[in-house]
Structures are given as structure tokens and as C-alpha cells.
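# Sharing a model that was predicted from the sequence below.
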Amino acid sequence: MQRYIDIHPKIEDAIKNNKPVVALESTIISHGMPFPKNMETALEVKDIVASNGATPATIAIMNGKIKIGLTKEEIKYLSYEGNKIKKASRRDIPFLISKKIPGATTVSSTMFASQMAGIKIFATGGIGGVHRDAPTSFDISADLQELARTNVAVVCAGIKSILDLNLTLEYLETHGVPVLGYKTSELPAFYTQKSGLQVDYQLDTPEEIADLLYSKWKMKLNGGVVVTNPIPKSKQLDHQYMSKIIDKAIFEAKQLEIKGKEITPFLLKKVKDLTKGKSLISNIELVFNNAALAAKIAICYSKK
């Protein structure tokens, strides 16, 4: 496997010695926000993980390998190149590696890479899911199938609220993926704490979450776990306001006939524009919040 994976020595040492490590994706760097805010955010997330006692491991495809642990220079490169960097889901990994094309990992490919490296905890903004027009388009994020088979816990602020949250929960239930709420019984909806939907289980401490993860995987119940962590109340946007904004963005996407893997980045950018940048600020804050919780969970899990 050394032919296909390059693990930073510091991270490799932490994994071998059962020290807490938190995986971080790179699509949020190249496709999530403009330069230089993307670079500043990526570096700050790493600092938050480290300051909470875990080793950050930002993941991307570089030089024909899955790189576990990007340097500051590599993060700057992905940030500056932005949308020129290929968005790498699971299906794209063999092509990008064989052609030595750089790729920014999504939730699904970051989970795959994390399992390859032996990292159990992954922090991101929000997961993909079932799109609102899925009954006719069959558009379902690869994140969900990855969660069904890959033993990695994803700490997030819920399902991206541009999606069909109810159908996404149904998909996860069918595939045996637990959806946990950290100090909440209500599913967070990315920019807001409210969704009107319930998580499977509320757990109130990182220790409880680590206990569940350990029990699940020790019993060979393969598959991931979604750990939903509500955006801080002071940073959230109004639920009804965001619902109207998202409806407008989706309507415009339909008018322009935007589909497939282009739909999510289009909607997120349109939402940012319609909120005059407020959604981007909330997005950054929820990623910071998730990174801190992921580090705490990783510490508790490493003690098992």
C-alpha cells in the first residue's frame, strides 16, 4: 500500500502509538470558499485540533498518492488553485492517482483514506445526502454509501441543509448508520440548530460517543457513525430565513439545469451570495466547532 499512500511521519507515529488523530478533508479548502479565506480556515482548523490535544491530518491526493497530513505549503497550493483542483470522490481516486493529478478529497474519499491510514475520527462541515429531486434524478451523495461501509466517525453540523434531510435520515437508517446528536435530540441543519427532525440517540459527552464507537467496531458492526454537533447558537442563522434562501437557490439551479456533482457547489455559492456572505461565516464557525469536538472524541477513543 505504500505505493498509494504517503503518511506524514508525525501522523504515522501518532497512529502507531495509539495517539489521538483527527482527519480533515481538502474539498473545503479548494472548493468551499475563496482564497485566502480558505487557506486561513484550513490552517486554523488544524490549530484547533492540535490545541485540543489531537494530531490534525489534512488529506488530499498529491503526486500520485493519497497524502495523509498536508504541509502548510501544500495547503496554500490547494487554496490558491481553488476550483482548478479536481474534486475527488471515491470513484475518482484511481484515475487521479494513476494520472498523478492533484485532488481535493470529499467526505467519502476522506473516509476511505482515513480507514486506509488507521484514523477513526474525521471532522468536516456537513455531510452530503439525498438531493431534493432524488425521486426523479436518483442523485444521492457517495458520502452515504461510504458511511454504510467504512469504519470512521464523521463529526459534522448535520446534513447540508440544501438536501432532503428526511430522506437522508431514512437512507442512513436503512444502511444501519447511527446518527448521534451531541447534547441534542434534534438533528442540526448545518447553518441552524433546528430541523424539526430527530437524531437516533443523544449523547452528552465525548466519552459516551467514544464508548459507542468502540463498542460498535469491536462487535464487527462495520460502517460509519454520524456525530452531529450543532453550530453554536450565537453563530447560527435563522431557520425560516435560511429555508427561503435555499428554496431560491434550488429554484435557480433548476432554471439553469445544473445537475450532478456541480449542483452542491452551485447551491452553496448561491446561498452565500443571497445571504451576503453570512452563510460563509456560519460555515467557518461550525467547522471550527466540529474540529474541537472531534479532537476530544479522538482523545477518549485513543484510551480504549
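Cool, the structure landed. Residues are numbered from 1 along each chain as shown.
# chain center to stretch 161-172: distance?
Relative to its parent chain, stretch 161-172 has a centroid offset of 15 Å by C-alpha atoms, centre = their mean, to the nearest Å.
# then that stretch to CSV, C-alphas only?
The C-alpha trace of stretch 161-172 is given here as CSV (Å, rounded to 0.1, in the frame of the first residue of the first chain):
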residue,chain,number,x,y,z
SER,A,161,-29.4,21.9,4.5
ILE,A,162,-29.7,22.2,0.7
LEU,A,163,-30.6,18.5,0.7
ASP,A,164,-33.6,16.4,1.7
LEU,A,165,-32.8,15.8,5.4
ASN,A,166,-35.7,13.4,6.0
LEU,A,167,-34.8,11.1,3.1
THR,A,168,-31.2,11.2,4.0
LEU,A,169,-32.0,10.0,7.5
GLU,A,170,-34.1,7.2,6.0
TYR,A,171,-31.2,6.1,3.8
LEU,A,172,-28.8,6.1,6.8
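# what comes into contact with it?
126, 128-132, 134, 140-141, 144, 147, 158-159, 179, 187, 189-192, 195, 197, 226, 242, 246, 249-250, 264, 267-268, 271 (C-beta atoms under 8 Å, 6 or more residues apart in numbering). For glycine as for every other residue, the C-beta is placed from the backbone atoms N, C-alpha and C.
# tally of neighbours for Ile15?
If you count neighbours by other C-beta atoms under 10 Å, Ile15 ends up with 18.
# May I have the phi/psi pair for it?
phi -60, psi -50 (degrees, to the nearest 10).
# Just to be sure, Thr184 is in a strand?
No: secondary structure of Thr184 (DSSP: H, G, I helix; E, B strand; the rest coil): coil, not part of a strand.
# so what's it up against?
Going by C-beta under 8 Å, 6+ apart, Thr184 touches 193, 199, 202, 228, 230.
# Quick check: nearest residue in space to Val227, chain neighbours excluded?
Setting aside the residues directly before and after it, Val227 is nearest to Val155 in space (C-beta to C-beta, 6 or more residues apart in numbering), at 4.6 Å.
# And Ile7, by the same measure?
Closest residue to Ile7 apart from its sequence neighbours, by C-beta to C-beta, 6+ apart: Ile68 at 4.3 Å.
# Helix or strand with the lowest mean pLDDT in the chain?
The helix or strand of the chain with the poorest confidence is helix 134-137; it has a mean of 79 (mean pLDDT, DSSP states H and E).
# the helices in the stretch 151-300 of the chain, which residues?
165-174, 206-218, 239-255, 263-274, 278-302 (DSSP state H, counting those that start in this stretch).
# Same list (those) but as CSV, adding mean pLDDT.
As requested, these are exported to CSV (pLDDT from 0 to 100):
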stretch, mean pLDDT
helix 165-174, 97
helix 206-218, 98
helix 239-255, 90
helix 263-274, 86
helix 278-302, 96
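# highest average neighbour count across these?
Comparing the helices of the stretch 151-300 of the chain by mean neighbour count (mean count of other C-beta atoms under 10 Å), helix 278-302 comes out on top with a mean of 22.
# for it, packing partners?
strand 21-24, helix 37-51, strand 121-123, strand 153-156, helix 206-218, strand 225-228, helix 263-274 (3 or more C-beta pairs under 8 Å, 6 or more residues apart in numbering; DSSP states H and E).
# Format the CA atom coordinates belonging to the fourth one as PDB.
Coordinates of the C-alpha atoms in strand 153-156 are reproduced here as PDB (Å, rounded to 0.1, in the frame of the first residue of the first chain):
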ATOM      1  CA  ALA A 153     -16.900   8.500  12.700                       C
ATOM      2  CA  VAL A 154     -17.800  11.800  10.900                       C
ATOM      3  CA  VAL A 155     -18.200  14.800  13.200                       C
ATOM      4  CA  CYS A 156     -20.300  17.400  11.400                       C
END
